[in-house]
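Enquirer: Provided below for reference: sequence and predicted model.
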Amino acid sequence: MKQRTDRRSFLRAGAAGTIAPFLWTGRVKGAVPANDRITAAAIGTGRMGRGNLGSLLGYDEVEVVAVCDVDADRCRDARLQVEKRYASRKASGEYRGCREYRDFRDVLARPDIDAVLIVTPDHWHGLNAIEAARAGKDIYLQKPLTYTVHEGRVLSDTVRRYGRVLQVGSQQRSDPRFRFACELVRNGRIGKIRRVEVGCPLDPHTAPVAPTPAPPELDYDLWLGPAPYKPYNELRVHPAEGYSRPGWLRVRDYTVGNMTGWGSHHIDITQWALGMEHSGPRTISAWAAYEDGPWDVHQEYNVKLVYPNGVPVFFGDHRRYRQGVTFYGETGRVFVSRGALEAEPASLLQETLGAGEIHLYRSANHMGNFVDCIRSRRAPVAPVEVGHRSNTTCVISDIAARLGRPLQWDAEAEQFVNDETANRMLWRPMRNPWHV
């Protein structure tokens, strides 16, 4: 095994490049041989991380050998989760092959790790995943793909350059209801699309809170990472005990809010159905309510997106639009959400696709698809470029809402047209020593 890599060495190396705070000089691996196990690590072991880790532990061909979290208690819980699962498969009833880490860079320095789960707060996604790709790891990355459009472009280009598999955690693509809804739309079963409505949940607001000391088990400076320094309060981070929904999901320094959190799911389905998954809207008009306080992401919002084919997409909170995605065509309607698929006429749901029609990528299990693609090197059902395009639509919707004026978007150049103020919002400065 390689000697532990010094963090300052990583950062000094990064000064020579434009991608990340350090350069990777190790071997870039290709496919894992079919008869070899896949060794994996989990980076970020909070609420969603534990769920994704549990899914990966269900595959016999995968062995999770490392867990990483800046919260020592959560990292310990994840190690125990791994050990309990593997111990149950052994005659001895014991397993001690999983190591704890606090710093993701130490995980990436291990040449024996083939793949990583990255389930960190949104402001960390870009840095974590870019460096994982450069380190030769395949990646399962929770959505939204990145915090900014700039980070997403760098990540997609880096994954392609290093030949990695990256599955975005947009698991609705592995749900047959969402796939069939998109196939009905793509194959013209409801005629020309006249309008799409996308409804997403809202998060609450809270009153101002006073700073408190960070708990000893949390490396708060590393938790902040590239985000601006703000004094600690539990409502800005995650619960000190338990795994309930964390406060950081409502804090602008760490996330855009549910406009990307849920929006990246439903806009992904919208663009898949419209055949726009490698493009994006042409114009954006948006309004949102923003309030001061520790939870300062958008509250209510309403966005109108118009795509190059002329289809308007209305994207907003669930008070305005039914939660899920509704496609209105000249001859019918299709609605899809988690747990529901409806159509008018209802007979559409009994139809089968012909051999000459569009059949979309078929995945029955999102994590299973990722594991299969590690071996085959086939593109996964939710590849990085598609995830980038879906997330970009959500991020630029928030930019339009913050500026309070309509914007024109050039999807090929990934720039707003004749609007330097808006273009400066496609990236963000990072706290030293982090950068992309």
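Expert: Structure's in. What do you need? This structure is a prediction, so every number in the text was calculated from the model and none was measured. Residues are numbered from 1 along each chain as shown.
Enquirer: ok, the residue nearest the centre of the chain to residue 47 distance?
Expert: The chain has residue 143 as the residue nearest its centroid, 1.5 Å off, counting by Cα atoms, centre = their mean. As judged by Cβ to Cβ, to the nearest Å, residue 143 and residue 47 stand 14 Å apart. Heads up, the C-betas are built off the backbone N, CA and C, glycines and all.
Enquirer: what does residue 40 give?
Expert: Residue 40 sits 19 Å away from residue 47, going by Cβ to Cβ.
Enquirer: over to residue 377?
Expert: 31 Å.
Enquirer: more neighbours: which of these two?
Expert: Neighbour comparison, residue 377 and residue 47: the larger count goes to residue 47, with 17 against 13 (by other Cβ atoms under 10 Å).
Enquirer: so the more buried one touches residue 247, yeah?
Expert: No: counting by Cβ atoms under 8 Å, residue 247 is not a contact partner of residue 47; they are 11.6 Å apart.
Enquirer: between these two, which contacts overlap?
Expert: Counting by Cβ atoms under 8 Å, 6 or more residues apart in numbering, the residues touching both residue 47 and residue 247 are residue 238.
Enquirer: which residues touch residue 339?
Expert: Applying Cβ under 8 Å, 6+ apart, we find residue 339 in contact with no residue.
Enquirer: what pLDDT does it get?
Expert: Residue 339 carries a pLDDT value of 91.
Enquirer: ranges for the strands of the stretch 151-300 of the chain?
Expert: In the stretch 151-300 of the chain, the strands defined using DSSP state E, counting those that start in this stretch lie at 166-168, 193-200, 283-290, 298-306.
Enquirer: which of those sits closest to residue 393?
Expert: For residue 393, the closest of those is strand 298-306, at 6.7 Å, according to Cβ to Cβ.
Enquirer: list the pairing partners of that closest one within its sheet, with orientation.
Expert: Sheet pairing for strand 298-306, assigned by DSSP bridges, gives strand 283-290 (antiparallel), strand 312-317 (antiparallel).
Enquirer: orientation of it relative to strand 193-200 in degrees?
Expert: Taking axes from the mean of the first three to the mean of the last three Cα atoms, to 10 degrees, one finds strand 298-306 and strand 193-200 inclined to each other by 160 degrees.
Enquirer: ok so, going back, highest mean neighbour count out of the strands of the stretch 151-300 of the chain?
Expert: strand 166-168 (a mean of 29; mean count of other Cβ atoms under 10 Å).
Enquirer: give the pairing partners of that strand; include direction for each.
Expert: For strand 166-168, using DSSP bridges, the partner strands are strand 138-141 (parallel).
Enquirer: pLDDT weak spots in the stretch 1-150 of the chain?
Expert: Within the stretch 1-150 of the chain, the segments meeting pLDDT under 70 span 1-35.
Enquirer: mean pLDDT and distance to residue 137 added to the strands of the stretch 151-300 of the chain, as a markdown table?
Expert: Converted to a markdown table, these look like this (pLDDT from 0 to 100; distance: least, Cβ to Cβ, whole Å):
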| stretch | mean pLDDT | distance to residue 137 |
| --- | --- | --- |
| strand 166-168 | 98 | 10 |
| strand 193-200 | 98 | 31 |
| strand 283-290 | 97 | 35 |
| strand 298-306 | 97 | 33 |
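Enquirer: as CSV, these with distance to residue 276 would be great.
Expert: Compiled in CSV, the strands of the stretch 151-300 of the chain are given as follows (distance: least, Cβ to Cβ, whole Å):
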stretch, distance to residue 276
strand 166-168, 16
strand 193-200, 11
strand 283-290, 14
strand 298-306, 10
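Enquirer: got any ranges where the stretch 151-300 of the chain has weak pLDDT?
Expert: Using pLDDT under 70, the stretch 151-300 of the chain has no residue that qualifies.
Enquirer: biggest helix in the chain, by residue count?
Expert: Identified as the longest helix of the chain according to DSSP state H is helix 384-403.
Enquirer: what about stretch 421-436, start to end distance?
Expert: 20 Å (Cα to Cα, to the nearest Å).
Enquirer: do the same with stretch 423-436
Expert: Stretch 423-436 end-to-end distance (Cα to Cα) = 17 Å.
Enquirer: then stretch 316-335?
Expert: 16 Å.
Enquirer: pull the CA atoms of stretch 250-264 into CSV?
Expert: Provided in CSV are the C-alpha atoms of stretch 250-264 (Å, rounded to 0.1, in the frame of the first residue of the first chain):
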residue,chain,number,x,y,z
ARG,A,250,-31.5,25.0,3.7
VAL,A,251,-28.3,27.0,3.8
ARG,A,252,-27.2,29.0,0.7
ASP,A,253,-23.5,28.5,1.5
TYR,A,254,-23.8,24.8,1.0
THR,A,255,-26.7,24.2,-1.4
VAL,A,256,-29.1,26.0,-3.8
GLY,A,257,-32.1,24.4,-2.1
ASN,A,258,-34.8,22.1,-3.3
MET,A,259,-34.6,23.9,-6.7
THR,A,260,-31.6,21.6,-7.3
GLY,A,261,-32.3,19.0,-4.5
TRP,A,262,-35.6,17.8,-5.9
GLY,A,263,-35.4,19.8,-9.1
SER,A,264,-32.5,17.8,-10.4
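Enquirer: roughly how far out does it sit from the chain middle?
Expert: Distance of stretch 250-264 from its chain centroid, counting by Cα atoms, centre = their mean, to the nearest Å, is 11 Å.
Enquirer: list the buried residues in that stretch.
Expert: 250-264 (16 or more other Cβ atoms under 10 Å).
Enquirer: repeat for stretch 108-116
Expert: 108-110, 113-116.
Enquirer: tell me which of these is nearest to residue 355?
Expert: Among those, residue 115 lies closest to residue 355 (Cβ to Cβ), at 35.5 Å.
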